[in-house]
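Trainee: fold the following and give me the result.
(one chain, ligands or ions: 2)
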Amino acid sequence: MVKIALVGVSGRMGMCLVKAAALSDQAELTVAVSRTESLALGKDAGELAGISSLGLPVGDDLAAVVDEFDVLIDFTRPESSLEYIEICRRAGKKVVIGTTGYTDSQKAAIAEIAKEIPIVIAPNFSVGVNLSLKLLEMTAKVMGDYTDIEVIEAHHRHKVDAPSGTALRMGEVVAATLGRDLKECAIYGREGDTGARDRKTIGFSTIRAGDIVGEHTVMFADEGERVEITHKATSRMTFANGAVRAATWLEGKAAGLYDMQDVLGLKNC
Ligand SMILES: NC(=O)C1=CN([C@@H]2O[C@H](COP(=O)(O)OP(=O)(O)OC[C@H]3O[C@@H](n4cnc5c(N)ncnc54)[C@H](OP(=O)(O)O)[C@@H]3O)[C@@H](O)[C@H]2O)C=CC1
Ligand SMILES: O=C(O)C1=N[C@H](C(=O)O)C[C@H](O)C1
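Mentor: Ligands and ions are numbered 1, 2, ... in the order given. Got it, this is the predicted structure:
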């Protein structure tokens, strides 16, 4: 059994991750951590997540319990996440990161830490989105050079980063396949006298509304036809189950930066 530590337990993903770890027959939740100011402190992690008691009270000091877990799962915020990952680096623990919204320098810091410990990082742990990334590669190869490419994403009203990490990864995959640099060709929203569309750009549109779990469409539009690749998540458990799967996959892995494509064996498909 892989012993899992969870931070951000009181979050939307945190509570799903408690359930996913409890349901897994290959993993066991042994540490549950929240911020010092969290109302979750001292409560039972299972009861907090709406399942039966796990006999595991939520604490606020990950460093104090590093001997009690093998893999940390982090779905929090970039700043807190970097602090938690640094604790794992010092203790030689593996990490699964689902947090999105990192700056380039924060991403570089994670890549540096991954030289010392194994880390799986993915903006989306669902099987469907990771399959969609492969479909995007294929579509970009066939149609990308002569179509207008737009990425449209929709999420719940509480999401704080935009575009979503998944939308950005989809843009990166398409841009890389076409030999473009996303930093130079991305257009984030349009307003006013924009002029006609430049074929080489990749457009991003963001919707934030209600309780949408997560929806992504990439459109390859020609005159006369278009292909749209769409993924819709209807339950956060799909992300949570994927993250627990990544945590168990890490067993025996060497230090390095991995992603969900590695976990699913999709890299060389
Ligand atoms: N990779 C994937 O598959 C997915 C990634 N995500 C990403 O996961 C992250 C969390 O999403 P979600 O669960 O919806 O967010 P929530 O806001 O519901 O939860 C985030 C939790 O992080 C903890 N936290 C620690 N430090 C901070 C801080 N400084 N400010 C705010 N919260 C903090 C809090 O929990 P506590 O008080 O218990 O510490 C908080 O509840 C986001 O970056 C999101 O994009 C979401 C879904 C899927
Ligand atoms: O914040 C969310 O909710 C989600 N975030 C991830 C992202 O930014 O891509 C993945 C998922 O779509 C849900």
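
Trainee: longest helix in the chain, please.
Mentor: In the chain, assigned by DSSP state H, the helix with the most residues is helix 127-143.

Trainee: show me what that one is packed against.
Mentor: For helix 127-143, the packing partners by 3 or more Cβ pairs under 8 Å, 6 or more residues apart in numbering; DSSP states H and E come out as helix 165-177, strand 214-221, strand 226-233, helix 237-249, helix 260-263. In short, each C-beta sits where N, CA and C put it, glycine included.

Trainee: swap the cut-off to 10 Å and go again
Mentor: Judged by 3 or more Cβ pairs under 10 Å, 6 or more residues apart in numbering; DSSP states H and E, helix 127-143 is in contact with strand 148-155, helix 165-177, strand 214-221, strand 226-233, helix 237-249, helix 260-263.

Trainee: for the fifth one, name the packing helices and strands.
Mentor: If contacts are counted by 3+ Cβ pairs under 10 Å, 6+ apart, helix 237-249 sits against strand 2-7, helix 12-23, strand 27-33, strand 71-74, strand 94-97, strand 118-121, helix 127-143, helix 260-263.

Trainee: and the first one, what does it pack onto?
Mentor: Which is strand 2-7. helix 12-23, strand 27-33, strand 71-74, helix 78-91, strand 94-97, helix 237-249.

Trainee: on that earlier part again, and the helices and strands packed on helix 127-143 as CSV, adding mean pLDDT and distance to ligand 2?
Mentor: Shown next, in CSV, are those (pLDDT from 0 to 100; distance: least, Cβ to the nearest ligand atom, whole Å):
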stretch, mean pLDDT, distance to ligand 2
strand 148-155, 98, 5
helix 165-177, 98, 3
strand 214-221, 98, 3
strand 226-233, 98, 6
helix 237-249, 98, 6
helix 260-263, 98, 11
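
Trainee: between those, which one is nearest to ligand 1?
Mentor: helix 237-249 (3.6 Å; Cβ to the nearest ligand atom).

Trainee: for the most centrally placed residue in the chain, which non-adjacent residue is spatially closest?
Mentor: Centroid check for the chain by Cα atoms, centre = their mean gives P123 as the closest residue, at 2.4 Å. In space, and not counting its chain neighbours, P123 is closest to G165: 2.8 Å by Cβ to Cβ, 6 or more residues apart in numbering.

Trainee: and for E86?
Mentor: Using Cβ to Cβ, 6+ apart, the closest residue to E86 is I113 (7.2 Å).

Trainee: pLDDT wise, what is whichever residue of the stretch 1-150 of the chain sits closest to ligand 1 at?
Mentor: Going by Cβ to the nearest ligand atom, ligand 1 is nearest to G11 of the stretch 1-150 of the chain, at 2.2 Å. The per-residue pLDDT reported for G11 equals 98.

Trainee: now do it: how many residues are near it, please.
Mentor: Neighbourhood size, G11 [other Cβ atoms under 10 Å]: 18.

Trainee: do the same with D74
Mentor: Applying other Cβ under 10 Å, I find that D74 has 29 neighbouring residues.
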